[in-house]
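Chemist: Structure, please.
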Amino acid sequence: MRYEELTGTVQARAGLPDRQSAERALGATLETLAERVPDGLADHLAAQLPEGAAEAVRRVTAAHEAAPRQREHSREHGESFDLTAFAGRIAWRTGSSEATALREAAAVLEALDAAVDPELMHKLMAVLPADIGELLPENRAREAGPGA
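Modeler: So this is what the prediction gives:
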């Protein structure tokens with residue numbers, strides 16, 4: 001998927017007014033996701049994203065490489081934070097409310113689900129805590145039940 005398609009998908013699914021808002025939501029969500037997952041998984045994610053989106057993930061992993069003592073402790077597992085902190089970090093990055101950040105993050109994760117290999121999405125779900133994982137499309141579909 002090209003960057004323009006990815007941002008267009010985010011814009012449509014989140015109901016955002018323009019491409020700049022979609023880019024902001026995409027970058028903020030990807031940066032926050034890269035903080036939460038192990039660097040190796042973040043690297044795999046970046047490799048499957050178009051360049052404009054991959055840059056947000058690479059900024060975070062590059063910062064981790066520059067701080068080796070932090071890397072030893074948390075980068076094999078990612079930082080430990082829950083949905084509230086996830087929403088707060090995205091809201092801070094986008095200058096929006098936490099409710100808006102969660103809506104936009106869900107749209108970004110839906111777009112990622114279409115943009116990357118399904119195996120990678122399964123790996124992401126496996127390392128995210130349940131409350132953040134609920135934003136992922138597969139989990140929402142499972143919650144809706146059969147015939148949804």
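Chemist: Point out where this structure drops to low pLDDT.
Modeler: 66-77, 138-148 (pLDDT under 70).
Chemist: so who does Gln48 touch?
Modeler: Taking C-beta atoms under 8 Å, 6 or more residues apart in numbering as the criterion, Gln48 is in contact with Ala115, Val116, Asp117, Leu120. (C-beta placed from N, C-alpha, C; glycine too.)
Chemist: quick one: which of those residues has the most company?
Modeler: In terms of neighbours by other C-beta atoms under 10 Å, those top out with Ala115 at 21 neighbours.
Chemist: how about stretch 104-119: buried residues?
Modeler: Judged by neighbour count using 16 or more other C-beta atoms under 10 Å, the buried positions of stretch 104-119 are Glu104, Ala105, Ala106, Ala107, Val108, Leu109, Glu110, Ala111, Leu112, Ala115, Val116.
Chemist: Excluding residues flanking it in the chain, which one is nearest the second one?
Modeler: Read that as Ala105. Once flanking residues are discounted, Ala105 sits nearest to Thr29: 4.7 Å by C-beta to C-beta, 6 or more residues apart in numbering.
Chemist: same check, this time on Ala91
Modeler: Ala91 sits nearest to Ala101 (C-beta to C-beta, 6+ apart), 4.0 Å away.
Chemist: Please write out the alpha-carbon positions of the helix or strand hosting that neighbour in PDB.
Modeler: Using DSSP states H and E, Ala101 maps to helix 98-115. Below are the C-alpha coordinates for helix 98-115, written out as PDB (Å, rounded to 0.1, in the frame of the first residue of the first chain):
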ATOM      1  CA  GLU A  98      -7.900  11.000  24.600                       C
ATOM      2  CA  ALA A  99     -11.300  10.000  23.200                       C
ATOM      3  CA  THR A 100     -10.300  11.500  19.800                       C
ATOM      4  CA  ALA A 101      -6.900   9.800  20.000                       C
ATOM      5  CA  LEU A 102      -8.500   6.400  20.600                       C
ATOM      6  CA  ARG A 103     -10.900   6.800  17.700                       C
ATOM      7  CA  GLU A 104      -8.000   7.800  15.400                       C
ATOM      8  CA  ALA A 105      -5.800   5.000  16.700                       C
ATOM      9  CA  ALA A 106      -8.500   2.500  16.000                       C
ATOM     10  CA  ALA A 107      -8.700   3.800  12.400                       C
ATOM     11  CA  VAL A 108      -4.900   3.600  12.100                       C
ATOM     12  CA  LEU A 109      -4.900   0.000  13.300                       C
ATOM     13  CA  GLU A 110      -7.600  -0.900  10.900                       C
ATOM     14  CA  ALA A 111      -5.600   0.700   8.100                       C
ATOM     15  CA  LEU A 112      -2.500  -1.200   9.200                       C
ATOM     16  CA  ASP A 113      -4.500  -4.400   9.200                       C
ATOM     17  CA  ALA A 114      -5.000  -3.900   5.500                       C
ATOM     18  CA  ALA A 115      -1.500  -2.700   4.800                       C
END
